[in-house]
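Novice: 3D, please:
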Amino acid sequence: MKQPIVGYHKDDEDHWVAKLACGHNQHVRHNPPWTLRPWVITDAGRNEMLGFKLGCVKCDEKAPRAPVSLKYEHQNGPKITQARRISEWNSGLFRADTT
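Specialist: A predicted model of the protein is given here:
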């Protein structure tokens, strides 16, 4: 399923990753001769590609969006007070914030 690019960030290995509107991420490497994406090298090139639709394999596979972080209170048992999305690359499905 094609999804528009809504932003970018770099991964731990300094490779560019596109953030898609669906919430998934996709690497966008310029790695000739295998992958030709010279636009990823410059800020102007990346900005021009905002809104461009990339095929999202995770959407095709019906993968969930990034997991949700739950914040809860400990009085009389757990009580969820807040939920927010965290990176999909965390090791678990949920992370409890106890602060």
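Novice: next secondary structure element downstream of whichever strand in the chain runs longest?
Specialist: Secondary structure of the chain per DSSP state E: the longest strand is strand 2-10. Next in sequence after strand 2-10, counting helices and strands by DSSP states H and E, comes strand 16-20.
Novice: which is the next helix or strand following that following strand?
Specialist: strand 25-27.
Novice: the residue lying closest to residue 17 once chain neighbours are set aside and residue 32, how far apart?
Specialist: Nearest residue to residue 17, sequence neighbours excluded (CB to CB, 6 or more residues apart in numbering): residue 25, at 4.9 Å. For the C-beta atoms, the positions are set from N, CA and C on the backbone; glycine is no exception. According to CB to CB, to the nearest Å, residue 25 and residue 32 sit 22 Å apart.
Novice: these two: which has the busier surroundings?
Specialist: Neighbour count, other CB atoms under 10 Å: between residue 25 and residue 32, residue 25 has more, with 20 against 9.
Novice: pretty sure the more buried one contacts residue 15?
Specialist: No: taking contacts as CB atoms under 8 Å, residue 25 lies outside contact range of residue 15: 11.0 Å.
Novice: so where's the chain shaky on pLDDT?
Specialist: In the predicted model of the chain, residues 66-99 satisfy pLDDT under 70.
Novice: hmm, try it at 50
Specialist: By pLDDT under 50, the low-scoring segments of the chain are 68-70, 72, 88-95, 97-99.
Novice: my read is that residue 51 contacts residue 2, right?
Specialist: No: proximity of residue 51 to residue 2 does not meet the contact threshold set by CB under 8 Å, at 11.5 Å.
Novice: of these two, who's got more company?
Specialist: More crowded of residue 51 and residue 2, by other CB under 10 Å: residue 2, with 13 against 10.
Novice: in the sheet, who's paired with the residue nearest to residue 17?
Specialist: residue 19 (DSSP bridges).
Novice: distance check, it against residue 9.
Specialist: 8 Å.
Novice: give the intersection of the neighbour lists for the two.
Specialist: Each of 17, 19 lies in contact with both residue 25 and residue 9 under the rule CB atoms under 8 Å, 6 or more residues apart in numbering.
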